[in-house]
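Chemist: what follows is a predicted structure for the sequence shown.
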Amino acid sequence: MSATHSMPRGSHCGRTLVIATHTFTQLARMKVFYFMAIFAVIIIASNFLNLQQLQGPESAGANALGSIKSSSFSAMHLFSVVLSIVATALLLPKDVEDRTLYTILAKPVPRIDYLAGKLLGVLLLVLVALVLMDVLMTAMLQIRMSMILAQQTELATAAGYTPDAIASLRAETMANGPNASLQGAVLAVFLRASIMASMALLISTFSTSTLFTTIVSFVVYFIGHFQADARDFYLQMGQAGQGGFSRAVSLGVALVLPDFQLFNVIDAVIEGQAMPLLLLGKLALVGLYYALFFIVASWFIFAEKEF
Amino acid sequence: MKPWLKSVLLSLALLAFGAARLPYEAGLSRDLRNARLVPPHLEIDTLDRIGQTSSAVALGGLRTLVATFLNLRAYTAFAERRWRDVAKTFDVIVDLAPHTRYYWETGSWHLAYNAAGYYLNDSKLPPLRRREAWRSYIMQGRVFLERGIRNNPDDWSLLANLGFLLADPNKFPALRDTHASFTAAAAAYQKSAATGKAPAYVRRAWFYALARVEGREAEALALARTLYAEGPKNRTPTLVMLLLVLEAHENPSLDVARRAVELFGTPEKAYAALAGHWQRTRERFPVFGVSSALEALEKSLAIPKEQSILSQALPPPPSPDDWFRN
């Protein structure tokens, strides 16, 4: 039995899930999953970015795992951000154009359910795509790591390394292979995409075109990477007791825009840093906070909108 | 509700929402920075050097991707022997990915070994220029590696690589003060071993460097005894020989020849090891008691005077005057 069937259709959740599933199908029919083929090519190509420039067992394949991770995460990052913005920007205008919106709103469907369903559909699509990419990346990392371990062990044995040294070498290589922190980084990619999608939904409720929503969302996305700088500037200038106007501007940026730098933890994980579960939980809270606020704000605008 | 009122209310809500999350985000940002999970801000200079497109990509949270592609650029520069470009590119790469050991090691290796080696052999430049360029790239490689260590103080491999560089006989003339170099090499190896992640050979390398620091022989002897006591895996010919030499330093009345036979098993093996050590002038290992032990063993093994190792010329120390003659 599907999730939508197990939920009473009259409930908020039931209605939201029906709309979400429909949105997911609608977007999947736009052949977005063709991107997976490109992703597979990217992953395979990244294997060849390994340039062994140093001698010794430690450097055998030293950069291969890093290349696979950085290329894969970049593809995930770009795909999730572009998809979450463009798909969300497309939803309302397309429903208006197809007149689906009128059919839905003519029924006793609260507008918040409609918006939540649409957003959930986009997020479901992004999640499925990320999970598929994650599986591909993890499989490729596992295969490549096994090859590197075999090569390192052979070289280290030939160089007369002791079993302890070989074990230590293997442990270091394995730390750069597939691990829990990498899955945490994938979640961080999803959280960033969720914020972008919910923000694009808010913009699309008052925007006049898909293009406007897309452009504004991308602008906000890029400026969002400087939000932390604006916030730091505001706090530091406050301590120095200077710069009234600059402080006001930086406060405005810090209050209005999301802080996307928080999600740059991905780079550190690619470099082999471990991501503590507590910090991941805190990041998830940030994502949830933004998503909830933006959806409520979207509903506030959309609730009385005339079509 | 009137549209203007809606806009005002939404703006107020946006500000209130922002004000509510600001302290939380500031705290989280601090936590992530402390945990080294958020990279430091990019320097303006770095952004200028990677260009607008790459800057946008890097600022958008894809620094490691830009670093990966710049590494390809650095490789091309290396293949074409454009050493200044190699140095500049690696400067940018490590700004983008400061915790990736590979970039620090590769960058310093290109500078201290490849670029320096290139100028050692490049006959197109006048000798003085070559000599200066050779020394300059070795120093740049060292500085680059030390910067890597400051960014990654717990990385055993970067520390060990600094030790290798400072204890490399081919680099002694460039580093000039060998006493300071061996002291720094020993400190680097010691820190590397202290991380608990370094292979066993790093501790031996620590000892080899320490044994060459004048005035710290007692410390080196204590370390040698510890390593020797740990078992056969540490009893390399160099370690055993240095243990003997340091024992001879500690106790000038020691019968070095007898002790050498004890350590190496037979008079023949002891003689071969001592002769080999006597000839290893390039590494500048101490030779306390070696000549007297050789004399004693030559006597007991009835080696003719003309075949004595002591009468043979010693290999000359590395000399840039010879390397850069033409």
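Modeler: Thanks, I have the structure now.
Chemist: for chain B, what are the low-confidence residue spans?
Modeler: Within chain B, the segments meeting pLDDT under 70 span B:47, B:52-54, B:56-57, B:59-60, B:123, B:326.
Chemist: with the stretch 1-150 of chain A instead?
Modeler: Applying pLDDT under 70 to the stretch 1-150 of chain A picks out residues A:1-10, A:49-62.
Chemist: so where do the helices sit in the stretch 151-300 of chain B?
Modeler: Along the stretch 151-300 of chain B, counting by DSSP state H, counting those that start in this stretch, helices occupy B:156-166, B:172-175, B:178-194, B:200-210, B:217-229, B:237-250, B:256-264, B:267-279, B:290-300.
Chemist: helices and strands around the fifth one, which ones?
Modeler: The elements that helix B:217-229 packs onto, with contact taken as 3 or more C-beta pairs under 8 Å, 6 or more residues apart in numbering or on different chains; DSSP states H and E, are helix B:200-210, helix B:237-250. Where you see a C-beta, it was placed from the backbone N, CA and C, and this is true even at glycine.
Chemist: for B:E230, phi and psi?
Modeler: Here the main-chain torsion angles of B:E230 (degrees, to the nearest 10) amount to phi -70, psi -10.
Chemist: on that earlier part again, quick one: which of the helices and strands packed on helix B:217-229 is nearest chain A?
Modeler: The minimum distance between chain A and those falls on helix B:200-210, with 5.6 Å, by C-beta to the nearest C-beta.
Chemist: next, the angle helix B:178-194 makes with the closest one.
Modeler: Helix B:200-210 runs at 160 degrees relative to helix B:178-194, counting by axes from the mean of the first three to the mean of the last three C-alpha atoms, to 10 degrees.
Chemist: okay, helix B:200-210 in CSV with CA atoms only?
Modeler: Taking C-alpha atoms only, helix B:200-210 is exported to CSV below (Å, rounded to 0.1, in the frame of the first residue of the first chain):
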residue,chain,number,x,y,z
ALA,B,200,57.8,3.2,13.0
TYR,B,201,60.5,4.5,10.6
VAL,B,202,59.7,8.1,11.6
ARG,B,203,60.9,7.4,15.1
ARG,B,204,64.1,5.9,13.7
ALA,B,205,64.5,9.0,11.5
TRP,B,206,64.0,11.1,14.6
PHE,B,207,66.9,9.3,16.2
TYR,B,208,69.1,9.6,13.1
ALA,B,209,68.6,13.4,13.1
LEU,B,210,69.0,13.7,16.9
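Chemist: re the thing from before, make CSV from the helices of the stretch 151-300 of chain B and add mean neighbour count to it.
Modeler: Below are the helices of the stretch 151-300 of chain B laid out as CSV (neighbours: other C-beta atoms under 10 Å in any protein chain shown):
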stretch, mean neighbour count
helix B:156-166, 24
helix B:172-175, 20
helix B:178-194, 21
helix B:200-210, 23
helix B:217-229, 17
helix B:237-250, 21
helix B:256-264, 19
helix B:267-279, 18
helix B:290-300, 18
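Chemist: quick one: the helices in the stretch 51-200 of chain A?
Modeler: For the stretch 51-200 of chain A, applying DSSP H, counting those that start in this stretch gives helices covering A:64-97, A:100-106, A:111-158, A:163-175, A:180-206.
Chemist: okay, the helices of the stretch 151-300 of chain B in TSV with distance to A:V126 next?
Modeler: As requested, the helices of the stretch 151-300 of chain B are arranged in TSV below (distance: least, C-beta to C-beta, whole Å):
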stretch	distance to A:V126
helix B:156-166	38
helix B:172-175	55
helix B:178-194	44
helix B:200-210	46
helix B:217-229	56
helix B:237-250	59
helix B:256-264	68
helix B:267-279	66
helix B:290-300	72
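Chemist: residue in the stretch 101-250 of chain A nearest to chain B?
Modeler: Using C-beta to the nearest C-beta, the closest approach of the stretch 101-250 of chain A to chain B is made by A:A165 at 3.4 Å.
Chemist: tell me which parts of the stretch 51-200 of chain B are close to chain A?
Modeler: B:56, B:59-65, B:67-68, B:71-72, B:75, B:78, B:97, B:99-102, B:105-106, B:109-110, B:157, B:197-200 (C-beta under 8 Å from any C-beta of the partner chain).
Chemist: which among those end up buried?
Modeler: For these, a burial check counting by 16 or more other C-beta atoms under 10 Å in any protein chain shown picks out B:59-65, B:67-68, B:71, B:75, B:78, B:97, B:99-102, B:105-106, B:109-110, B:157, B:197-200.
Chemist: helices - which of those land there?
Modeler: Applying DSSP state H to those, the entries found in helices are B:59, B:63-65, B:67-68, B:71, B:75, B:78, B:101-102, B:105-106, B:109, B:157, B:200.
Chemist: and which of those residues is nearest B:A224?
Modeler: Among these, B:A200 lies closest to B:A224 (C-beta to C-beta), at 14.4 Å.
Chemist: for B:A188, see how far away that closest one is.
Modeler: Taking C-beta to C-beta, to the nearest Å as the criterion, B:A200 is separated from B:A188 by 17 Å.
Chemist: and A:A268, by the same measure?
Modeler: Distance from A:A268 to B:A188, counting by C-beta to C-beta: 25 Å.
Chemist: what's the burial count for the residue of the stretch 101-250 of chain A closest to chain B?
Modeler: Neighbour count of A:A165, defined by other C-beta atoms under 10 Å in any protein chain shown: 20.
Chemist: that one reaches B:Y201, doesn't it?
Modeler: Yes - using C-beta atoms under 8 Å, A:A165 is in contact with B:Y201, at 6.9 Å.
Chemist: what secondary structure does B:R130 sit in?
Modeler: Per DSSP: H, G, I helix; E, B strand; the rest coil, the local secondary structure of B:R130 is helix.
Chemist: B:K197 versus that one, what's the distance?
Modeler: Counting by C-beta to C-beta - B:R130 and B:K197 are separated by 39 Å.
Chemist: what's the neighbour count on the residue of the stretch 151-300 of chain A found nearest chain B?
Modeler: Here the stretch 151-300 of chain A gets closest to chain B at one residue, A:L255, 2.9 Å apart by C-beta to the nearest C-beta. A total of 20 residues lie near A:L255 under the criterion other C-beta under 10 Å.
Chemist: wait, what's in contact with it?
Modeler: Neighbouring residues of A:L255 by C-beta atoms under 8 Å, 6 or more residues apart in numbering or on different chains: B:L14, B:L15, B:G18, B:A19, B:L22.
Chemist: buried ones in the helix or strand harbouring it?
Modeler: Using DSSP states H and E, A:L255 falls within helix A:244-256. Buried residues in helix A:244-256, counted by 16+ other C-beta under 10 Å: A:R247, A:S250, A:L251, A:V253, A:A254, A:L255, A:V256.
Chemist: what residues does the stretch 201-307 of chain A put near chain B?
Modeler: For the stretch 201-307 of chain A, the contact set with chain B under C-beta under 8 Å from any C-beta comprises A:221-222, A:225-226, A:228-229, A:231, A:235, A:254-256, A:259-273, A:275-276, A:279, A:282-283, A:286, A:289, A:293, A:297, A:300-301, A:304.
Chemist: filter those down to the buried ones, PyMOL style.
Modeler: This is the PyMOL syntax for the buried subset of those, where burial follows 16+ other C-beta under 10 Å:
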select buried, chain A and resi 221+225+226+228+231+235+254+255+256+259+260+261+262+263+264+265+266+267+268+269+270+271+272+273+275+279+282+283+286+289+293+297+300+301
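Chemist: roughly how far does the residue lying closest to A:V249 once chain neighbours are set aside sit from B:G18?
Modeler: Residue nearest to A:V249 in three dimensions, not counting chain neighbours: A:A230, with 7.9 Å by C-beta to C-beta, 6 or more residues apart in numbering or on different chains. Between A:A230 and B:G18 the computed distance is 11 Å (C-beta to C-beta).
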